[in-house]
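Peer 1: Build me a structure from this.
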Amino acid sequence: MKLARYSASDGTEKFGIYSDGAATDLSSSYRGFADFVTDIANLNTAASEGSKIRVEQTRLLPPADRSSKILCMAVNYYSHIKEMHEDKTQEPILFAKFFTSLTGPYTPIPRFSISQIMDYEGELAVVIGSPTKNVSREDAWKHVAGFTLVNDMSARSLFRVPQGEGIMKDWFSCKAIDHSTPVGPWIVTPDEAGDFASLHVETFLNGTKVQSGSAPDMVFDVPKIIEHASSRLTLEPGDIISTGTPSGVGVSRKRTLERGDVVRIQAEGIGDIENHIV
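Peer 2: This is a model prediction of the structure:
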């Protein structure tokens with residue numbers, strides 16, 4: 001089952017179950033997108049009562065609620081750790097983005113004006129489906145509603161800030177820029193997407209494959225990440241946890257994104273997102 005959020009022809013935001021280019025509009029049946037995500041067990045019944053609406057790709061919105069927390073894993077693929085000359089951390093390192101950081105799965109993205117280096121990071125993400133606090137590894141998957149894709153766009157020039165004789169890492173400036181992080185194209189439930197460990201994420205720059213990775217290369221798996229995050233704060237329905245990126249990012253290739261570039265991220269079982277840099 002694919003859970004999508006989209007813009008209707010009159011500009012209003014809607015959400016529903018997406019299939020074959022159309023969505024069953026269930027917006028009036030729930031208080032909001034997060035409430036919709038919590039009710040997966042009953043959505044097939046609800047869908048039989050909703051009206052079908054054709055949805056063009058360009059009208060798809062990031063599958064998130066305005067209250068969603070967006071948590072992202074740093075250096076969580078062994079291959080990425082190697083290319084960035086980093087060390088493996090003993091515990092997961094997460095940074096936050098915001099709803100205003102997100103953009104649609106096919107929405108053009110303006111070239112950053114405040115950073116000389118604009119970079120892509122193709123990632124697999126999980127979406128929380130029920131309130132989650134102090135959950136154990138063993139129970140973590142019970143709180144996952146489904147999977148989606150994230151392009152963790154980064155303003156690399158803003159990341160390292162001089163501090164005395166050292167350097168401080170500014171995750172906020174590097175990662176949280178308005179409307180810079182494509183997410184989507186929808187949330188796919190695990191029964192349709194398959195086992196997370198079998199998913200394979202790939203990134204293409206202007207049609208050339210630049211990244212390829214899957215869960216076995218992750219330092220910390222999804223249950224460990226959820227256990228760790230939920231020990232710090234309460235995860236809520238609609239929250240997104242992006243699990244990190246494999247090797248092949250632009251900065252390691254000495255390649256910054258420029259106007260005219262096209263970045264596509266795909267994973268069989270989920271779909272793809274594609275964004276033009278303008």
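
Peer 1: Sketch out the low-pLDDT regions of the stretch 1-150 of the chain for me.
Peer 2: Counting by pLDDT under 70, the stretch 1-150 of the chain shows low-confidence ranges at 46-50.

Peer 1: OK, contacts around the residue most central in space within the chain?
Peer 2: In the chain, the C-alpha closest to the average C-alpha coordinate belongs to residue 150, at a distance of 3.0 Å (C-alpha atoms, centre = their mean). Applying C-beta atoms under 8 Å, 6 or more residues apart in numbering, one finds that residue 150 lies in contact with 72, 122-125, 181-183, 240, 242, 265. From N, CA and C alone the C-beta is placed, and that goes for glycine too.

Peer 1: neighbour-wise, which of these leads?
Peer 2: Of the contacts of residue 150, residue 183 is surrounded by the most neighbours, 30 neighbours in total, counting by other C-beta atoms under 10 Å.

Peer 1: Tell me the pLDDT of that one.
Peer 2: You'll see residue 183 listed with a pLDDT of 98.

Peer 1: doesn't residue 241 make contact with residue 183?
Peer 2: No - the pair residue 183 / residue 241 is not scored as a contact, 11.8 Å apart, by C-beta atoms under 8 Å.

Peer 1: Which residues are in contact with each of the two?
Peer 2: Applying C-beta under 8 Å, 6+ apart, one finds that residue 183 and residue 241 are jointly contacted by residue 125.

Peer 1: Now do the helices in this protein.
Peer 2: 33-37, 43-47, 78-83, 171-175, 190-193, 222-230 (DSSP state H).

Peer 1: most packed of the ones you listed?
Peer 2: Sort those by mean neighbour count, taking mean count of other C-beta atoms under 10 Å, and helix 33-37 sits at the top with a mean of 23.

Peer 1: for stretch 79-91, how far is the first residue from the last?
Peer 2: The separation between the terminal residues of stretch 79-91, taken as C-alpha to C-alpha, to the nearest Å, is 17 Å.

Peer 1: Likewise for stretch 155-171?
Peer 2: Start and end residues of stretch 155-171 are separated by 9 Å (C-alpha to C-alpha).

Peer 1: Give me the contacts around that stretch.
Peer 2: By C-beta under 8 Å, 6+ apart, the list of residues contacting stretch 155-171 from outside reads 74, 95, 112, 114-119, 173-175, 177, 180, 251, 256.

Peer 1: low-confidence ranges in the stretch 151-278 of the chain?
Peer 2: Nowhere does the stretch 151-278 of the chain drop to pLDDT under 70.

Peer 1: any idea how far the closest residue to residue 235 other than its chain neighbours is from residue 231?
Peer 2: For residue 235, ignoring the flanking residues on the chain, the nearest one in space by C-beta to C-beta, 6 or more residues apart in numbering is residue 132 at 3.9 Å. With distances taken as C-beta to C-beta, to the nearest Å, residue 132 is found 10 Å from residue 231.

Peer 1: who has more neighbours, those two?
Peer 2: More crowded of residue 132 and residue 231, by other C-beta under 10 Å: residue 132, with 22 against 11.

Peer 1: How much space separates the more buried one from residue 39?
Peer 2: Taking C-beta to C-beta as the measure, residue 132 and residue 39 are separated by 16 Å.

Peer 1: Isn't residue 238 up against residue 62?
Peer 2: No - with the criterion set as C-beta under 8 Å, residue 238 and residue 62 do not qualify as a contacting pair; they are 10.8 Å apart.
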